[in-house]
Each structure stands twice: as C-alpha cells, then as structure tokens.
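J.: return atomic coordinates for the entry below.
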Amino acid sequence: MTASLAAAWERFKDVSTCGNNAVSLLNPPCSVDEMVAVENISNVTLPPALKALLAMNNGQRMDEQKPEAGLLKGIAARAIEKIHFPLPNMLIKLLELNIGRRVCEREVNRGIFKSVHGWDVYEKHIFLSVQAIGIAYQAFVNDEVLAAEFGLNEIPFAIAVMQQKTCSPGHYKEAFCINSMTGVVSLILTQYYDPNLPPEWLVYKLKRAESLTEFIEKQIEQYN
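T.: So this is what the prediction gives:
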C-alpha cells in the first residue's frame, strides 16, 4: 500500500504543479514522534495510509507563510506603472501594502485538493498538517451534530475554509475525511446554518474513494 500511495502522490505533485502553485506550499515530512504526540493529545488513531502520506509531506502551509517582500514590491510596482499620473509616496506605500496583503491571502489559502458536489459546487481543500488534523478532529467530534451523524472515526485531513481571508483548522465548511476503521475517504459537509431546518438535514457524507491511494488517483484525474 505504501509503495502505491507514494507513487500516486508523486504523480499528483507532478500534474498539479502545472496549474497550481499551492503545491510549492507543501511542508516537509512529518516525523513519527510528531504523529504520536498528536494521537496522544487529540485521542485519535491515525490510519496507516494517512501516516504514510504525512511522512512524505506534513500537509501544506496555511496562513503563516508570506511571499518575500521583494516579490510583493515587484507586483505592486507593475500595478502602479499602469497608473498614468504621479502618485504621492505615501499612497504608493499604501498600494504596495494592500496589493501585498491580497497576494498573501490569495496564495496561501489555495488548497491543493479539489472537490465538487451538488449543483457544480467547487471547492479547494487545504491539506492539513498532522497538528492541524488534531485540531480539526477535535472540532469534529466535539460538535454534537457531526458526532451523532457520522461517529468518531472520521478524521479530517483536508478542509475547505469558511472564508478566504481566514484559515483555521477548527473552522471549516466541508472536509475530506478518512475513516480510521475502514480507510474509506469521504467528503463531509459540516455546516448547518439554516435555523428553520433540522441540522441533520444539512450535513451529509459523500463517499469519494475506497482508500487514500484511490483518492489521490482521482485527484490526479481532476487535474488532467
């Protein structure tokens, strides 16, 4: 299993790099000690396939990584060049800051996994680090509605954030989850925002793959 998963992961990185710079945000491998620590703290058992994937890349950076200042300045300069009248230095600085902030948000919040459901609802899911998985799992099992509907064996490993400007592993509108008992990967919609409907009507689970390897292979197909 590990060999086929590793091969699928390398193919995924190859095909997704062509059209998605978020692959460059992948973290280095996760250590066994880090996984054990999260399992103990979060009271969760990570399935072998998820451990194998994290051992190759410990998720992706979320919102702590900022583009280099020189890059932001260059982007801002190109935008300012299109303005055909002199600008005060203070206004130029504000433009650089605002453009730079928007670039940061757009870059780091781009997930590497794709999802589609319903009437063509498209999302990009952020691949979580093992530490973020622990937080996302605790948020899931501590939600009475989600725990009652889906049990305690669904482990979120990739999430679609609620707002593009904020990214927290404890707040998400849908998640790719792997079942710790069966290894099946599902897309779970976690929001129940309509007070006029029972919460259990609004959350649901869609099976996406029999295994994490199959999930990665299907992600490859979405990039091809």
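J.: count the neighbours of residue 124 for me.
T.: By other C-beta atoms under 10 Å, the residues close to residue 124 number 17. Using the backbone N, CA and C atoms, a C-beta is placed for each residue, glycine as well.
J.: show me how far the helix or strand where it lies is from its chain's centre.
T.: Using DSSP states H and E, residue 124 falls within strand 121-127. How far strand 121-127 lies from its chain's middle: 7 Å, per C-alpha atoms, centre = their mean, to the nearest Å.
J.: ok, it: who's next to it in the sheet?
T.: Partners of strand 121-127 in the sheet, by DSSP bridges, are strand 113-117 (antiparallel), strand 154-161 (antiparallel).
J.: possible to save the ones you listed as CSV with mean neighbour count?
T.: What follows is these, written out as CSV (neighbours: other C-beta atoms under 10 Å):
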stretch, mean neighbour count
strand 113-117, 17
strand 154-161, 25
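J.: nearest to residue 144, of the ones you listed?
T.: Residue 144 lies closest to strand 154-161 among those, at 14.6 Å (C-beta to C-beta).
J.: surely residue 185 and residue 158 touch.
T.: No: between residue 185 and residue 158 there is no contact under C-beta atoms under 8 Å: 9.5 Å.
J.: common neighbours of these two, please.
T.: Jointly contacting residue 185 and residue 158 under the rule C-beta atoms under 8 Å, 6 or more residues apart in numbering are residue 176.
J.: which is the next helix or strand following the one helix or strand residue 208 maps to?
T.: Counting by DSSP H and E, the element that carries residue 208 is strand 204-209. Using DSSP H and E, the helix or strand that follows strand 204-209 towards the C-terminus is helix 212-223.
J.: name the helices or strands packed onto that next one?
T.: In terms of contacts (3 or more C-beta pairs under 8 Å, 6 or more residues apart in numbering; DSSP states H and E), helix 212-223 is packed against helix 2-17, helix 48-56, strand 113-117, strand 185-189, strand 204-209.
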